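Enquirer: Fold the following for me, if possible:
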Amino acid sequence: MATSPSAEFQKIQIQRDDTTFDAYVIGKEDGPGIVVLQEWWGVDFEIKNHARHIANLEPGFKALIPDLYRGKVGLDAAEAQHLMDGLDWQGAVKDIRASVNWLKANGSQKVGVTGYCMGGALSIASAVLVPEVDAVVAFYGVPSSELADPSSVKAPVQAHFGELDNFVGFSDITAAKALEEKLKASGVPYEVHIYPGNGHAFMNASPEGVERRKKMGLTDPDDAAVNLAWSRFKSWMQKYLCP
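Expert: Presented below is the predicted three-dimensional model:
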């Protein structure tokens, strides 16, 4: 299910410390908020597709994408890797906190965080480091131990991984199982879901996203897995963000 193509993003600016960054908002004005965090590519077509989809889920969410790369977008894997390597991860967590607080100051009573790949790792980090976060859904990414220890999460976390993901230590099945053990130790509600036969970035089901996955040698799209993951996402966010 997607929103109508006419659904447009509102570009806003958010202040934190002595810096200002752009963000993109879509969805129900006073709906529960969800901060949507980019993959290593940056704020591109695919993260906007995800935010549109989230905004259209019942009961009507308000999705906000912070531009963690300050306008830069990677056009190929090497460029994206370079951008991610250059990211100030602690600064990105501050961006997330400012985004959560912007949503809470602008009509959202509760706010969740979700993200994909790099954004997935940052989502889990936000459950540790951003006390204002009410729930997290992370897709195929685990933060480094230097950034955040998942055994210290303070918000409920749901995490999704592809069984065939080969990003070792970041989003492969071993990383997923290690994350599950740490979440168990946190004492906070959690779910870890592993999708058989799926690789990294399996949620990217748009024609452009599928084409890019092929170029990277990733698995073919699996609509059933995508739909199941969205269904679990919706249930989790409804449970923890909706009154």
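
Enquirer: what about the helix ranked longest in the chain, distance to the chain center?
Expert: Taking DSSP state H as the criterion, the chain has its longest helix at helix 223-241. The chain centroid and the centroid of helix 223-241 are separated by 13 Å under CA atoms, centre = their mean, to the nearest Å.

Enquirer: Please work out which residues outside that helix touch it.
Expert: Identification of contacts with helix 223-241 by CB atoms under 8 Å, 6 or more residues apart in numbering yields 32-34, 53-54, 57-59, 61, 110-112, 114, 134-135, 137, 139, 155-156, 158, 160, 162, 191, 193, 195, 197-198, 202-203, 205. Backbone N, C-alpha and C define where each C-beta goes, glycine included.

Enquirer: Just the buried residues from those, in PyMOL please.
Expert: A single PyMOL command selects the buried members of the contacts of helix 223-241 (16 or more other CB atoms under 10 Å):
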select buried, resi 32+33+34+53+54+57+61+110+111+112+114+134+135+137+139+155+156+158+160+162+195+198+202+203+205
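
Enquirer: Just the buried positions in the lowest-mean-pLDDT helix or strand in the chain, please.
Expert: Using mean pLDDT, DSSP states H and E, the weakest-scoring helix or strand in the chain turns out to be helix 207-215, at a mean of 92. Across helix 207-215, burial judged by 16+ other CB under 10 Å covers 209, 212-213.

Enquirer: Turn those into JSON lines, including distance to residue 234.
Expert: Shown next, in JSON lines, are these (distance: CB to CB, whole Å):
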{"residue": "209", "distance to residue 234": "20"}
{"residue": "212", "distance to residue 234": "25"}
{"residue": "213", "distance to residue 234": "24"}
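
Enquirer: I'd assumed residue 210 was in contact with residue 221.
Expert: Yes: in this structure, residue 221 is within contact of residue 210 by CB atoms under 8 Å, at 5.3 Å.

Enquirer: What's opposite residue 16 in the beta bridge?
Expert: residue 19 (DSSP bridges).

Enquirer: burial count for it?
Expert: 17 (other CB atoms under 10 Å).

Enquirer: And it, how far from residue 68?
Expert: Separation of residue 16 from residue 68 (CB to CB, to the nearest Å) stands at 12 Å.

Enquirer: What's the mean pLDDT across the host helix or strand of residue 90?
Expert: Element membership for residue 90 (DSSP states H and E) is helix 89-105. Helix 89-105 comes out with an average pLDDT of 98.

Enquirer: Strands along this protein, start to end?
Expert: Counting by DSSP state E, the segments of the chain that form strands are 10-16, 19-27, 33-37, 62-66, 111-116, 135-139, 157-162, 190-195.

Enquirer: No further questions, thank you.
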